[in-house]
Every structure is written in C-alpha cells, then in structure tokens.
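Participant: sharing a model prediction with you, sequence too.
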6 protein chains.
Amino acid sequence: MLIEFGGTRVLCAASVQDSVPRWRRDSGLGWVTAEYAMLPRATHTRGDRESVRGRLGGRTHEISRLIGRSLRAAIDFKALGENTVQLDCDVLQADGGTRTAAITGAYVALADAVTWMREKGLVKGDPFVTSIAAISVGMVDGEARLDLCYEEDVAAETDMNVVCTGDGRFVEVQGTAEGQPFDRAELDALLDLAAGGCAELARLQSEALGA
Amino acid sequence: MLIEFGGTRVLCAASVQDSVPRWRRDSGLGWVTAEYAMLPRATHTRGDRESVRGRLGGRTHEISRLIGRSLRAAIDFKALGENTVQLDCDVLQADGGTRTAAITGAYVALADAVTWMREKGLVKGDPFVTSIAAISVGMVDGEARLDLCYEEDVAAETDMNVVCTGDGRFVEVQGTAEGQPFDRAELDALLDLAAGGCAELARLQSEALGA
Amino acid sequence: MLIEFGGTRVLCAASVQDSVPRWRRDSGLGWVTAEYAMLPRATHTRGDRESVRGRLGGRTHEISRLIGRSLRAAIDFKALGENTVQLDCDVLQADGGTRTAAITGAYVALADAVTWMREKGLVKGDPFVTSIAAISVGMVDGEARLDLCYEEDVAAETDMNVVCTGDGRFVEVQGTAEGQPFDRAELDALLDLAAGGCAELARLQSEALGA
Amino acid sequence: MLIEFGGTRVLCAASVQDSVPRWRRDSGLGWVTAEYAMLPRATHTRGDRESVRGRLGGRTHEISRLIGRSLRAAIDFKALGENTVQLDCDVLQADGGTRTAAITGAYVALADAVTWMREKGLVKGDPFVTSIAAISVGMVDGEARLDLCYEEDVAAETDMNVVCTGDGRFVEVQGTAEGQPFDRAELDALLDLAAGGCAELARLQSEALGA
Amino acid sequence: MLIEFGGTRVLCAASVQDSVPRWRRDSGLGWVTAEYAMLPRATHTRGDRESVRGRLGGRTHEISRLIGRSLRAAIDFKALGENTVQLDCDVLQADGGTRTAAITGAYVALADAVTWMREKGLVKGDPFVTSIAAISVGMVDGEARLDLCYEEDVAAETDMNVVCTGDGRFVEVQGTAEGQPFDRAELDALLDLAAGGCAELARLQSEALGA
Amino acid sequence: MLIEFGGTRVLCAASVQDSVPRWRRDSGLGWVTAEYAMLPRATHTRGDRESVRGRLGGRTHEISRLIGRSLRAAIDFKALGENTVQLDCDVLQADGGTRTAAITGAYVALADAVTWMREKGLVKGDPFVTSIAAISVGMVDGEARLDLCYEEDVAAETDMNVVCTGDGRFVEVQGTAEGQPFDRAELDALLDLAAGGCAELARLQSEALGA
C-alpha cells in the first residue's frame, strides 16, 4: 500500500513467512521485522544508493529498528504463531516525516497481511492487541506544529516523533533538540499535539481497513 | 516518470550534475550513467535487499551497465558538455522485461532532463543523435513472442533483449538459450519481431514527449 | 577517562584535530563526533566483534549518533573554530545504561580536551554553552526507577534515556515501551525522575572537572 | 589446461564435488558453475586486485555468469547426477577476447573432468548433449573481423560475442555497438563469420580431447 | 585480567564454549582461538576503528593468528575435550610489545578459564602441557635490549618477538630487520636475551596464578 | 617471470609507477609493495576465491606484508626516487614453500624492473643495496630439511622461513613449532641449513639476471 502525507510518499508492503528467525524457533511465538529505505531520488538532491556503497547508513538502520519495534507492540506473538511478517517501507518521495509515515502505513499493511493469514488459516485468533500510528511534531518559531514538511523540519528547534497505540498510550517518544534545548512546558505541548494527531490517524487507518 | 509494461512498473528518474567523473575531466565531454534496482517486494516472492546484504548481485550490476551503455548511444557527449546525467531505474513491480522497460523509460527521463538543461542554458545545441527503446522477445512453444510476461519468460526456450535506435538500427542484441539452443532461422524471426516492437515504442516515446 | 556507573565501566577519550570534515570546511565552524563500541567480553555472554563481522550493527550506529548529537548541543561551534573533537566511548564492562554513561563521561573528556585546546591557544573563548549529562530511567513493576542495572533493564516495561543540559532543559528524550505501552502519567513520572538524576550528575561532573 | 588465442592466455580448471548447491539438493540433477578472474598484470596497465578492493566488479560478475550459463547448455544434468563441476578461468595475459577464450577452454576442462568422473564411476552415462565453443567478432573499418586482438577491439565499432554448440546452433549472442549502431546487414555478416569460427574451434577442441 | 608492561596495558579475557568449530566436530579434540584489537586511542595518535572501516587490517589478523597459535602450543586438545576457549586481547594503551604482552596475559586468562572448567567438571585431567610467555627484544644502537618501549621500538634496527614454553623451548621466533640486516652473532645475542626474559615471565605468571 | 621450486609455481610480476603513496609524497623516497594471492586450483583441494568472499584472509595479508618488507630491505629508497614498484606474486600451483618462492622470484622481477627504469632514465644510480632470497626449512623426523614439499611441510614439527641478503645476513627469521616446541640446538641447525640454501639461491638469481 502507498501512504501519502503531504509530499511524502512511502510504499509499505508486508511479506509472510511460515517460520521465524533461528533464535526464536520452537518458542511458539511469531515475529515482526521491518526494513526502511529511500530511493535515491526521493529527496530533492539525489542521495547515494546504499546498495552501491555496500553499507547501510546509521540513519537507515535506526529507522528500520524503530519501525520493527513499534509494530511489534501491536502484536500478541503467541496468537501469531511461528510466522514472521516482514515489513518493507520504501520512500518514493520525501517531504518530512518519512519514518512516522512508514510506521502508520506499515500498520495498515500488517493488518492486511494478518487478515490474509486468518483467511488462509495460518493464524487462528486475532493477534492484534492494539493499532499503531505515528506522527512527527516540532517547535517552529516557538510554536508546536504537527506533521512538519521538509522546510519546517529543517527550521524546527525541536523535532519529536511519537508512536501511539489506538487507545492513546505511548509506544515510543523520541524528542531531539536540533537547535535550542527544550524545557518541560514545550515538551508537554508537543506531547499533547502528537497524541491528538495519532488519534486522528488511528481513525483514518480504521476507515482504510474498512472497519 | 513511471513506465508500465503490462504488470511491470519501473520508476525512472534522471539527475543532472554539472561535472563529470574524474577520469573524464577537462575533456569537454559529458557522461550518462545508470543504476537499476528492484524493490524487495517487486517480485512475487520477496527478495533480499542488496543494501542489507552489503553487495550488489551480479544481475543488478549487469543490468545497470546495460542501461548506461544503451542510453549513451543516444548522446553526442560533445554537445552535452561536461555534465553528467545519472539515471535511476527502480522496479516497483516486476512481471517480465524489467530491463527493457527500464531502458525505454530511462530514455524519456533523459529526454526530459536534457530539455530542462537546455531551458536552463546548461546545454547549447541538441545532444541527442537518436532515440533509444528496448524490448524483450522470446521463443515460447516454438513461436516468436513479443514482450514476455513473467510466466512466458520462465517458459521461454530463448530469451532475447534488443535495444534499437529510433531509425531502426541495433545498439545491443542479447540472446540467450534458456532451454534448447536456437538456430539461425529462429534468431532471424526474433530480430524481425523485436525491430518492429522497438519502432512502435519509439512512436509512443515521441508522443509521451509531446513531439 | 574511565566512568563507572554501578557495574558499567566506559572508557571515554577525546582526540583533537585542527581540521573539520570536508562538508564543513571554510565555514569557520568546528565539529564534534563520537564512536561507541563494546568490547566482546563487556557483556555476560561474549558478543561477536564488529570488526571481525565487517559491519557495524544498527545498535552501535544508533548509539554513536546519539552521543555525537548530544555532545554537540553543549558546544558553540563558532567559538570552537575549525577544529574537530572525536569522542571514543569503549564499554569495558556493561551492566545497563551504557549509552547514558558514555554521554556523561564523554562530556568530561570533551571538557578536558577543550581546556587543553585553550591552553595551547587553539581555541580563544569558551566554546561551552552548557554541560551535558544523561541517565536511564524505567518503569519496573509499575514504579519509576533511576539508572537501571542489567537485571532491571531486562525486566523494565518502559525504558527511557534522557539527556539534559546543566540548567535542566532537555536535549534528547527517548522512551520505548518494552512490554506494555505507557500512559502520560507514567511518562511524566519518568521525566521528573530523570531530570533530578541529571541535575545530580551535573554536580558530580562539575566536581570531577575541579570547577 | 591453458588456452592461448594470440596474445590471450587463460588458465581453465575444473573441480568436481559430489554434492550440489542447497537449492538443488534432492533433485537428482547436477550443476555447473564458473568463476572468471584476471590477474592484475594480465593487462598492459596493472589493474587493482578485486580481492583487495573487497568487491567483484560488474564486468567480472557478468563474465562469470556468461561462462557458467554457456557451459550448462552442454550438459544433461540428469545424466550428471548430483555432482557439481566448478570451472575456474584465470586470465594470465589478456589481448582481446578473454571471455570467449575462457568459454572455449572451459569446455575442454569440463570434458576432461567428466571423463575422470566416468572413470571413477561417479557418472554413469554421457552427460554431454553437445560441445560448446565461443568466439568474438567485430566490425573494424566497416569490415567484419574474427577474433579481435586488443587493438582491434578498441577500434571496433561493434563487438559481438557468440557461443555456439558443436552442431552450429546458438547458445548466446551478445552484440554491442561501441561506436555507431549497426544495421541488420552488418549483424548478419557478423553472425555468419562467428558461426564459421565456432565450427573451426569445435574441430580443434575435438582434436585436443583426442576424439 | 589486565596485563601491564611499562606503558602497555592489555585486557585479556577468556570465554568458554562447550562446542568446537564445525571442521573439528566429533574429533574429541578441543580448540583455542584468539582475537586481538587495539582501542583507537591506545596509540599516541588516534587510529581508525577497524569496525568502522569494515575490515580487519593485515596487522590485526597477523597478531590474532600468532596469539592463537602460541597458546595452542600449551594445550593437550584431547584432555581439553570438545570445548573451545576464545581469548580476547584488547589493547587499552600501547607502548611497544603489545603482541607479546597479549600472549603472556592470555596464558594467565587461559589458565584461569581451565581452572574454572575443571571446577565445573567440564574438563577431567590437566590439559596444560606447558606454560607460555612471550617477549620482544631488539638491537638498539648495536646492543641487544629487552622489552622495547615505543621509542626504542621505532629506533630498533632489528625487532624480534619470541614465544617460549615454561621449560625454555621455543614456540615461535620472529625476527625482522627494520633497518640493517642482522648477522648470526646478533641473532644469537637476541635469542639468549629473550630466553632469559621469558623464564622470568614464566616465574611471574606462576606467582599470579598462585601456584 | 615464473619461478618453479619443485611442484610450486609462482608468477611474479613488477609494475612501475612514477609516484608514491600519499603518506610518502615529497619525501624524495621511493616505495616497494607486494600482493600475494593463490589461484583457487593451486592447491590439491580447490579453495574459495578471496575476491568472491569479499575479504582477504589473514594468511594472504600476512604473506603480502612479508614479501613487501623483505624486498624493501634490498632497496635504497633515495636512489629509487619517488617511484613505486608494485610486486604481484600469484601462485599457480602450490607444493610447499610458496611464500619463500614468491620472495625469491619477486627479487628477480624487481631487478628486471629496476634495469628497465634505469634504461628509461627514471632512476639514476643503483638502488640495490643487496640481493634477497628466501627459503623454507623444517624439522622432519628429528632432522633438519631444506625446502619442504607439501607432504614434508604437513609432517614437519617445526617450520621456518628465512630471508637472507646476498652477503648472508638475515632480513627475516620466522620459526613456528607446529608440533613439539624446538630447542636452541634445533634452531641453530635450521639456521645453518637455511643460510646455505639462500646462498645457493643468490647464485641462481645472479645467473638468471645474466650478471
């Protein structure tokens, strides 16, 4: 599925395997993992291809790990059984917030994959314990803003990515001072804004899944 | 630009740099190069990401080289001046003939880039000496067929990729016996079919470019 | 310098170079960067050496980036001039909180290096805009705890790393739900605890630097 | 065995293993694979060693794949049984046409290896369905020429490598316009010339094998 | 354990695994292997991290192999049983003779590990056939000197590393002319000096192990 | 040039460049470096290609370094001027003593290259301070033996490689106890034997160079 947030477009796909990584075998538990990548022309200035350089950059590694960790919070691995869902998030066009768009879209791809697994009888019960959505917020000119585009992102003093469950709890909170350090009041304002944004996204995901 | 051939979808993008690789500096000549890649979910069964494995596979290398070589045949490097056009061909969905779709689409992306360069005054004259299109043909059940989809490709006894100029000459001919070796009559039939297919593609390219 | 937090021991060293990375040249600005690594026997069970595997793991990359980003918040790059300080944080023994110990120790190493640079006349004014310290906090059995050791870390439902300036503002907040997602009240309790811990660390750093 | 074509010298060796790659196990079928490499001083100007650079170049990959594919056309894998023949083609001295010399020599090495396997009782029947030879042809100064040496290769407008079976059918046809695109008449002339050259090579191979 | 030789400090650790590498399985024999590394700030001028460069340097490889080979001379692999001892030697500070310090320290770590294995009942008899110590000697200003520090090492005309058993026989002798080649008389003087030094080290090891 | 020692055949080539590595620029001094490699079929059982594995093994690294170091002892770098000689030693067939054969052959290739450089006027005086030859010796069944073949090498209790100058001094002495440690008397016997062998090789080199 293709998720679009303003000028950001991320292709999210889920692949199902009826086995788990070696370290998890015979545990009765499933696994969810993710890989994130950016096409070289997704950004305004062409970036090098990581496959050509022969190494994943630190940023790619970090975001792949974040997506996997976030989506695993949605799943009861016992109910999933010894199956692995591999999520691929490929950014076709980037205009800020690619990692949060990837998480939000990956949830929908994961939900589709699980529905397919249930239809095929690969999974018995419902492995979802919650839905997952993510959003980026930031302080721009002293004001908390939702879902920054690239220009705002560059200008932001603080950049925060928040991953929430469908019932409004936090799975991941990552706030970074790009310019000035931020105080507690600013942090609180950002968290409030993000929680509201995630609730709205959860509603849109639910619609997209025809629930 | 996105090129679609049946179930095959390739995203082709051109990036312009006002410099050339080190070995070509101060020659007054330009350069065109290409990188081809497949998203892990482009194929029916998910493939490994080459960036994760840390190496480009031989197939990727080979196709990237073919695309670059083919497109360079379209260009008068003196007229291009010391500029480089980098072509990126990313396969979003694969259903046979990805390399020939990539070449055909890359020509359009290259033509757009050159138009932009001329508007910006980066290039004076017309660096194109011809247009370039490519098609795959093959022998299936003893019959020459055009533009094989994945199932036909697998079943083909012979698989041939042909790159032609707009005026019907050959830039590259690559025929491979997958099953039975092929005789001269079969080779001639495949070449006739491919030449006709490329002529039709040249017409479509010309339309797409609004010429 | 060697920093010890309970059973965690990290060797932090700063190296000074009178130049900056290529992309920052002729800007008049300095740079601070960091590399984090763990000796194979730092953990209870021996880990593979990343130099032998030929790749940095995602975790190593991520922590190196976090340390560099955090320490850069302490510095006025104009006052530093076109010099680079490279911070090396090598974990000799790990018992929870290695990344926060590394940041706290790296600040002291950085402060020592800057003092040396000022004595040598490499730096004129005071490039420090603040001090930096970091701590890990977590929810264990429903209770907010400071500076988790390895056993607590494993048992924690939520794990949070907080980087603060000497005047109590935030540079980085990274909270991750390991088990249950956390609600706003828990998040607030963790932030309060972390802010207090960082203030105490800032005092200890100041003592160590003989201020 | 050492094959010499003018100034080109390629060392071709076959190694036999009584197993097949994992993906082919329990199929009852054998496998043939090849690796091509050039000593750094094979060319006039010393090239870098690929083992030192830590990556195979695209050209090496491409030629290794071509050699393996070509030789597999000679073999009935059922008759070979679950054995693998690994062909190594190392260019000691290069003066044009190294890939076609490698294929022609590798066939002789493969035939020797199969004879040895039959003597040892590893193979029952005759796994050869045909012999394989290869030659390079090209248009130089508007004329079709056989087996180009390095100087001719550089000057060639079109370079074509052709792999034929002993009974004159085609296994692989790879024609590339280095300078001017080529028309159908030129292509036909090159194919005629190559077919004749391969027939002569097949005769020499047969002599070398004492048949 | 931490071994110090003048300004050289090496952290030596032994890890025990109740299995052996694949090629040694079901032989009834154990294995001892070693990895050597230098922290980037161990030397006066910071060196690059090999994990970051993505390759082990030749020197690291060479020393790791030397340490493993030397320690294996101490062990009766039948008595060790199918267990592997992995030795890690990490240089925290380097001032000449790091490889010989590593060998001497690794012996003590190995002896401790074997004692632990015997207490746990993993090993029945005594797998030690001898103790192992190593020292560096060199010709400086025409004179044989023991255990060179960094300045002497740089100035040495000949540098020799000698590994001896506890009963005074040689396991490894590596002499290299850095400046002038050396004659037989000089070689004899260096060997005498080294043998005496190793005997002294064997006494110190024995004390350290409380024998 | 091709050097043969019993069943061992090593191709040694020298390449000249009129520049030196970056770290040696503007010093007025030349450089000599070497790369050693083994073709996969040089040994009785086929080895993996290091270019395919993407890493040089420790043994390859170690031997390349030994060859370079040994040959550098022959040269007055001031007389060589800012030129680099790159030595390539490729083992076509291995039957013991490949590294010593490589050194002995590389000296002849180096001498040829220097003669060529003097003829071209690239080098003024005579950069050779001595000749270099190397030999392997070992204890087999309690007896010192010269130039071990593969079977003797495997059976040897001690294996020693010795590099000598033309006037009988030592450049490198590397003795390793493969089985039993060796005592001083055995070491002396091996050194005597090696010195005699190197003197004979120096005579043969001189003949080969037509001196």
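Facilitator: Now that the structure is in, tell me what you want to look at.
Participant: show the model's pLDDT score for the residue of chain A most remote from its centre.
Facilitator: Within chain A, A:D26 marks the point farthest from the mean C-alpha position, 28.5 Å out by Cα atoms, centre = their mean. Note on A:D26: pLDDT of 93.
Participant: how close does it sit to A:S19?
Facilitator: Going from A:D26 to A:S19 by Cβ to Cβ, to the nearest Å gives 11 Å. C-beta: built from backbone N, CA, C; applies to glycine.
Participant: same thing with A:L80?
Facilitator: Going from A:L80 to A:S19 by Cβ to Cβ gives 12 Å.
Participant: any idea how many residues pack against A:T130?
Facilitator: The tally of other residues near A:T130 (other Cβ atoms under 10 Å in any protein chain shown) stands at 18.
Participant: just give the nearest non-adjacent residue to it, would you?
Facilitator: A:T165 (4.1 Å; Cβ to Cβ, 6 or more residues apart in numbering or on different chains).
Participant: and the residue most central in space within chain A, what are its phi and psi?
Facilitator: Centroid-nearest residue in chain A: A:I103, 1.5 Å away (criterion: Cα atoms, centre = their mean). Backbone torsions of A:I103, given as degrees, to the nearest 10, read phi -70, psi -50.
Participant: my guess is it meets A:A134, correct?
Facilitator: Yes: shown here, A:I103 and A:A134 form a contact pair, counting by Cβ atoms under 8 Å, at 3.9 Å.
Participant: contact partners for A:A195?
Facilitator: Counting by Cβ atoms under 8 Å, 6 or more residues apart in numbering or on different chains, A:A195 touches A:162, A:164, A:168, C:184.
Participant: try it again at 10 Å.
Facilitator: For A:A195, the contacting residues are A:135, A:137, A:162, A:164, A:168-170, C:184, by Cβ atoms under 10 Å, 6 or more residues apart in numbering or on different chains.
Participant: what's the answer for A:G58, then?
Facilitator: C:56, C:58, C:60-66.
Participant: same deal with A:H44?
Facilitator: By Cβ under 10 Å, 6+ apart, the contact set of A:H44 is A:93-95, A:150.
Participant: could you work out the end-to-end span of stretch A:90-104 for me?
Facilitator: One end of stretch A:90-104 sits 13 Å from the other (Cα to Cα, to the nearest Å).
Participant: now do it: distance to the chain's middle.
Facilitator: 8 Å (Cα atoms, centre = their mean, to the nearest Å).
Participant: burial of A:T115, as a residue count?
Facilitator: Using other Cβ under 10 Å, A:T115 has 13 other residues around it.
Participant: max pairwise distance over the contacts of A:A195: which two?
Facilitator: Spatially, the most separated pair among these is A:V137 and A:R169, at 16.9 Å (Cβ to Cβ).
Participant: higher neighbour count, the two?
Facilitator: Neighbours were tallied for A:V137 and for A:R169 using other Cβ under 10 Å; the higher tally belongs to A:V137 (29 against 19).
Participant: what separation do you get for the more buried one and chain D?
Facilitator: Shown here: A:V137 relative to chain D, a distance of 42 Å by Cβ to the nearest Cβ, to the nearest Å.
Participant: do A:A133 as well
Facilitator: In this view, A:A133 and chain D are 40 Å apart by Cβ to the nearest Cβ.
Participant: need the contact list for the nearest residue to A:A155 once chain neighbours are set aside.
Facilitator: Residue nearest to A:A155 in three dimensions, not counting chain neighbours: A:V140, with 5.6 Å by Cβ to Cβ, 6+ apart. Counting by Cβ under 10 Å, 6+ apart, A:V140 makes contact with A:148, A:151-159.
Participant: quick one: buried ones out of those residues?
Facilitator: Among these, those buried by neighbour count (16 or more other Cβ atoms under 10 Å in any protein chain shown) are A:148, A:152-153, A:156-159.
Participant: quick one: which of the residues you listed is nearest D:A73?
Facilitator: Closest approach between those and D:A73, by Cβ to Cβ: A:D153, at 55.4 Å.
Participant: that closest one in helix, strand or coil?
Facilitator: Following DSSP: H, G, I helix; E, B strand; the rest coil, the label given to A:D153 is helix.
Participant: when you check chain C, which of the buried ones among the contacts of A:V140 turn up near it?
Facilitator: For chain C, the contacts drawn from the buried ones among the contacts of A:V140 by Cβ under 10 Å from any Cβ of the partner chain are A:T158.
Participant: between the buried ones among the contacts of A:V140, which sits nearest D:T43?
Facilitator: Comparing the buried ones among the contacts of A:V140 against D:T43 with Cβ to Cβ picks out A:D153 as the nearest, at 49.7 Å.
Participant: can you tell me the closest non-neighbouring residue to that closest one?
Facilitator: A:D153's closest residue in space is A:G96 (Cβ to Cβ, 6+ apart), at 4.3 Å.
Participant: and the buried ones among the contacts of A:V140, which is closest to D:A74?
Facilitator: A:D153 (59.2 Å).
Participant: what about that closest one, distance to A:R59?
Facilitator: A:D153 sits 14 Å away from A:R59, going by Cβ to Cβ.
Participant: and for A:G97?
Facilitator: 14 Å.
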